[in-house]
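*Asks:* Any chance you can model this:
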Amino acid sequence: MKLEIHPKARERFIELGEELITQVGPIQARTDSEKSGFSPDIHVSAHLEGNAIKDLKIPGAVDAAGDEVARYFKVGTEEYGFEEDAYRRFRKFCRRMLEELRLQDVAAEATMRGWVADWVESRFKKEVEYSIIDSIQNQLDASVSSHEIWVPIYGIAIERSLQIGKCTLQTISREFIDTMQNLDGENDEKNQRLIIKYVEKQRKKYQGYCAAVSIIEAEVARAAEVAYERAEQAIAVMRLFSPGILFPQMATYWSTRDRRPLDTEEYFQVRDEQWKGSASRLRQSGPMMISLDNEALNALQKGGLLDWSRLLSEDKRTDYQDSLIASMELYSRAALTDDPIYTLVDILVAIEHFLLKDEGEPIQESIAYRIAHMVEQDWRLRKGI
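*Replies:* Predicted coordinates:
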């Protein structure tokens, strides 16, 4: 992929990149945060000695929410990088490169941060002399290619492939799982046993279900992000036609996450502080898998699935269409729960998202007004809602 950039913009980014290097500073020695006196007796399944991890590189730090807040690299035994205000300038620079170079479709923000941080480290160590623009071009040349990404969909099996938007729902077949045995590496007896065990585990988890298949031109992290976005929208459309939408006390487990009721309700029987027995039951409020044959798929397409598919396929959508899709995704979440209260919340949030004009419109009054018009014909009864 060739960067298209105006000469003056190129000079400005090169200048900003050089300024970014001046923001690198030494990192204060990091210590473990203070621990409370309470230490729960949790079973630890394995211990790693210090010499078991070689060349461990800690590229940065994250906050309690998992968001990156610092970037580090080592120069000899010392650590340098970006923290606090310097890190915020670093991150702002990375976002600006993504937006102004129009790379959002081919590179994830986290990937861009990694590319820029690698260049800053190399320049700081005086290992390279080329500019940030040349560095990004090199990274694009090495990383951007066509990727076929399969996102597993749980809880649903289909008789034939089904196009929804820009992805295709396709069965994860026995033959596809068999290809997992063709893993690269040593083929000694021990590794073969591990491979067979791994493949059987994947077979139990995925075989027979479907996956949302997308082909995307980007670096692999961005390709995965786009594939998940398409898969989430596709399965959200499918949930509009699921039993969980029609019956509030039934859950539908169609999702890119494994929401099937594998959790159990358990209890122990105890006498004189001694364990005497236990019991458990599977908590399930709907079928864990629903199979859709060709007749059912044809009925879904005639019932509106084709219209949604065409909308999701649009490259340039209006604000109204984007709002409609976002509301549809919110509404479809109602099918994932068997609690009528949460179902109602999901439905009202979807209505609010689509019907409110702007952030200044009063939510309670506006939603009540619109619901009243939907459920009552007589104006006197509407006033009571």
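
*Asks:* residue ranges for the strands of this structure, please.
*Replies:* 25-26, 60-62, 68-75, 78-83, 145-153, 156-158, 162-164, 167-171, 210-218, 264-271, 274-282, 290-292 (DSSP state E).

*Asks:* In CSV, list these along with distance to residue 179 and mean neighbour count.
*Replies:* C-beta: built from backbone N, CA, C; applies to glycine. What follows is the strands of the chain, written out as CSV (distance: least, C-beta to C-beta, whole Å; neighbours: other C-beta atoms under 10 Å):
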stretch, distance to residue 179, mean neighbour count
strand 25-26, 49, 12
strand 60-62, 36, 14
strand 68-75, 35, 17
strand 78-83, 42, 18
strand 145-153, 12, 17
strand 156-158, 20, 19
strand 162-164, 22, 21
strand 167-171, 14, 21
strand 210-218, 14, 21
strand 264-271, 34, 10
strand 274-282, 32, 9
strand 290-292, 24, 16
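
*Asks:* To residue 351, which of these lies closest?
*Replies:* Closest of the strands of the chain to residue 351 is strand 162-164, at 23.7 Å (criterion: C-beta to C-beta).

*Asks:* Which other helices and strands does the closest one contact?
*Replies:* strand 167-171, helix 220-239, helix 306-313 (3 or more C-beta pairs under 8 Å, 6 or more residues apart in numbering; DSSP states H and E).

*Asks:* Tell me how far that strand lies from the chain's centre.
*Replies:* Relative to its parent chain, strand 162-164 has a centroid offset of 20 Å by C-alpha atoms, centre = their mean, to the nearest Å.

*Asks:* That one pairs with which strands, parallel or anti?
*Replies:* strand 167-171 (antiparallel) (DSSP bridges).

*Asks:* Pull the strand it pairs with out as PDB, backbone CA atoms only.
*Replies:* Output of strand 167-171 as PDB, limited to C-alpha atoms (Å, rounded to 0.1, in the frame of the first residue of the first chain):
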ATOM      1  CA  CYS A 167     -19.500 -11.500   5.500                       C
ATOM      2  CA  THR A 168     -20.700 -15.000   4.900                       C
ATOM      3  CA  LEU A 169     -22.000 -17.400   7.500                       C
ATOM      4  CA  GLN A 170     -20.400 -20.800   6.800                       C
ATOM      5  CA  THR A 171     -20.400 -24.100   8.500                       C
END
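
*Asks:* what angle separates that strand from strand 210-218?
*Replies:* 140 degrees (axes from the mean of the first three to the mean of the last three C-alpha atoms, to 10 degrees).

*Asks:* Strand 167-171 relative to helix 306-313, how many degrees between them?
*Replies:* If you take the same axes, to 10 degrees, strand 167-171 sits at 120 degrees to helix 306-313.

*Asks:* So what's the model's average confidence on strand 167-171?
*Replies:* For strand 167-171, mean pLDDT rounds to 96.

*Asks:* now stretch 377-385
*Replies:* Rounded mean pLDDT across stretch 377-385 is 71.

*Asks:* Format the CA atom coordinates belonging to it as CSV.
*Replies:* Written as CSV, here are the backbone C-alpha positions of stretch 377-385 (Å, rounded to 0.1, in the frame of the first residue of the first chain):
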residue,chain,number,x,y,z
GLN,A,377,-55.4,4.7,20.2
ASP,A,378,-57.6,6.8,22.5
TRP,A,379,-56.0,10.1,23.5
ARG,A,380,-57.4,9.9,27.0
LEU,A,381,-55.7,6.6,27.7
ARG,A,382,-52.5,7.9,26.1
LYS,A,383,-52.4,10.7,28.7
GLY,A,384,-52.2,8.1,31.5
ILE,A,385,-49.0,6.6,30.2
